[in-house]
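**Student:** Give me the fold of what follows.
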Amino acid sequence: MDRALLMGNEAIALGALRAGLRLASGYPGTPSTEILETLAKELKAGRAPDLYVEWSVNEKTALELAAGAAWSGLRAMVTMKQVGLNVASDPLMSLNYLGVEGGLVVVVADDPGPISSQTEQDTRHFGRYAKIAVFDPSSPEEAYAMTGRAFEVSEKYHRPVILRPTTRVCHSYAAVELLPPMEKSRGGEGFQKAGNRFVIFPSLAYRNHVQIEKDLAAMAGDFSSFQFKFECNRIRRAFAQRNSLRRHKLGLYHGGSGRA
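**Tutor:** Numbers count the residues shown, from 1 in each chain. The predicted model follows:
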């Protein structure tokens, strides 16, 4: 496999292209900006001929554009920073109830600190509030691989998912193993009206709420089998082999939040 030295945001962009991304929209804001810039460079260089890239007037418009592509069966991605999610929250809440056909990944770059933002927000709390799965990479390598996984989960359950890199992931560099292209999206047939599916009346919202809860439980089973998890058992065994497990406290560190 080839390897490349990539910034985290570049890794997310290339991971999305590997997954068959067809439309990318967003609103610029540190630390997310380089994702769409990288996609635009790939398009200009002729390495992504089937891709459409757009800077939208705001995050809400960007999400609605990506939602239209996803409703048509295309794999789409929208990028913003954590403050921008406030602007896009209204359509995102409804979109989770309506569902999607093609995979839709909402990249929300959090800025712990904050380093370059008006406020410090943790998108994982929004994910719980909106009942949307959140992928939380701790390195550029994980961000690259998780982007593809996020599209798979989105298409499997017909729900938008959130990818939440932080500033230290977005702007750090790592040697990333470039994987072969993933299986392409099964959609792309164009928008299908599908009866009253996209008319969010209270009765429909109630039924979809029940299904969302079922999907979240099923997603939890999928997530437990992913390779992106801290190997606590391996560390515990290493301590046990030294006969020191009882004499030492076991501490765990996860870098995804951007803090120790």
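
**Student:** where does the stretch 101-250 of the chain have low pLDDT?
**Tutor:** Applying pLDDT under 70 to the stretch 101-250 of the chain flags residues 184-189, 193-198, 227-250.

**Student:** Which residue ranges of it form strands?
**Tutor:** Ranges of strands in the stretch 101-250 of the chain, per DSSP state E, counting those that start in this stretch, are 104-109, 134-135, 161-163, 173-177.

**Student:** Tell me which other helices or strands the first one touches.
**Tutor:** Okay, so that is strand 104-109. Here strand 104-109 touches helix 8-18, helix 59-71, strand 76-81, helix 82-98, helix 140-157, strand 161-163, going by 3 or more C-beta pairs under 8 Å, 6 or more residues apart in numbering; DSSP states H and E. Bear in mind the C-beta positions are built from the backbone N, C-alpha and C, glycine included.

**Student:** just these: most buried one?
**Tutor:** Per-stretch averages of neighbours, counted by mean count of other C-beta atoms under 10 Å, single out strand 76-81 among the helices and strands packed on strand 104-109, with a mean of 31.

**Student:** Next, the angle from that one to helix 82-98.
**Tutor:** Between the axes of strand 76-81 and helix 82-98, defined by axes from the mean of the first three to the mean of the last three C-alpha atoms, to 10 degrees, the angle is 150 degrees.

**Student:** Neighbouring strands - and their directions - for strand 76-81?
**Tutor:** Here strand 76-81 has these sheet partners by DSSP bridges: strand 23-26 (parallel), strand 104-109 (parallel).

**Student:** And the contacts of the first one?
**Tutor:** The set of residues that contact strand 23-26 without belonging to it, under C-beta atoms under 8 Å, 6 or more residues apart in numbering, is 16, 32, 35-36, 39, 51-56, 59, 61-63, 65-66, 69, 74-80, 107.

**Student:** returning to that earlier point: please convert the strands paired with strand 76-81 to CSV, extending it with distance to residue 149.
**Tutor:** Below are those laid out as CSV (distance: least, C-beta to C-beta, whole Å):
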stretch, distance to residue 149
strand 23-26, 18
strand 104-109, 10
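
**Student:** So which of these is the most surrounded?
**Tutor:** Greatest average neighbour count among the strands paired with strand 76-81 goes to strand 104-109 (a mean of 29), per mean count of other C-beta under 10 Å.

**Student:** That one to helix 8-18, inter-axis angle?
**Tutor:** Angle between the axes of strand 104-109 and helix 8-18 is 170 degrees (criterion: the same axes, to 10 degrees).

**Student:** got the angle between strand 104-109 and helix 59-71?
**Tutor:** In terms of direction (the same axes, to 10 degrees), strand 104-109 departs from helix 59-71 by 150 degrees.

**Student:** okay, the angle between strand 104-109 and helix 140-157?
**Tutor:** Between the axes of strand 104-109 and helix 140-157, defined by the same axes, to 10 degrees, the angle is 150 degrees.

**Student:** what's across from the residue nearest the centre of the chain in the sheet?
**Tutor:** The centroid of the chain falls nearest to residue 163 when counting by C-alpha atoms, centre = their mean (2.2 Å). Residue 163 has these beta-bridge partners by DSSP bridges: residue 107, residue 135.
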